[in-house]
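# only geometry, no sequence info:
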């Protein structure tokens with residue numbers, strides 16, 4: 001889709017200038033950005049692997065809320081994560097995120113011991129500036145992992161689930 005109108009590009013729009021950071025740059029300074037990546041997209045694989053590892057801990061089976069949601073809707077994914085956490089079952093959920101200049105993925109993973117983590121991927125990468133001291137940068141700084149503070153409180157922001165800082169009530173990431 002075009003970054004300016006968020007609509008499908010017409011063939012007359014497709015005058016390519018460059019490609020980088022998973023974005024096609026057009027000659028008129030607009031950009032083509034992915035609407036939503038397929039499940040085979042490498043970003044999804046990287047983020048799913050990290051989320052699954054965090055959720056598994058020492059437990060075996062992990063609930064993948066993408067696959068568990070019958071309608072595959074964001075609200076259903078979020079409810080799966082909240083219910084799994086309440087039942088002390090390892091889980092993870094992932095959402096696609098779209099920025100003006102980057103694409104990404106946001107996920108939450110919880111293990112059977114009540115530990116919950118936020119995992120965010122950004123195609124442009126993260127800098128260490130302004131990240132909390134307990135943040136871990138992975139995959140050439142494209143992935144940031146943050147533990148959710150306890151007691152874990154979930155918060156829905158737009159169409160995705162994240163954990164809230166218990167002091168401010170704001171999102172952790």
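Sure thing, it's come through. All figures in this text were calculated on a predicted structure; none of them were measured in a lab.

# where does this structure have low pLDDT?
Scanning the chain with the threshold set as pLDDT under 70 gives 1, 21-22, 34-39, 58-59, 68-74, 99-101, 165-173.

# And the helices in it, which stretches?
42-56, 65-68, 74-86 (DSSP state H).

# possible to save these as TSV with mean neighbour count and distance to residue 13?
C-beta here means a position set from N, CA and C on the backbone, and glycine is covered the same way. Output for those, formatted as TSV (neighbours: other CB atoms under 10 Å; distance: least, CB to CB, whole Å):
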stretch	mean neighbour count	distance to residue 13
helix 42-56	19	24
helix 65-68	18	31
helix 74-86	18	29
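
# Bridged to the residue minimising distance to the centre of the chain, which residues?
Closest residue to the average C-alpha location of the chain: residue 106 at 1.3 Å, with CA atoms, centre = their mean. Judged by DSSP bridges, the bridge partners of residue 106 are residue 95, residue 120.

# That one contacts residue 119, doesn't it?
Yes: with contact defined as CB atoms under 8 Å, residue 106 counts as touching residue 119 (7.5 Å).

# roughly how far apart are residue 87 and residue 112?
10 Å (CB to CB, to the nearest Å).
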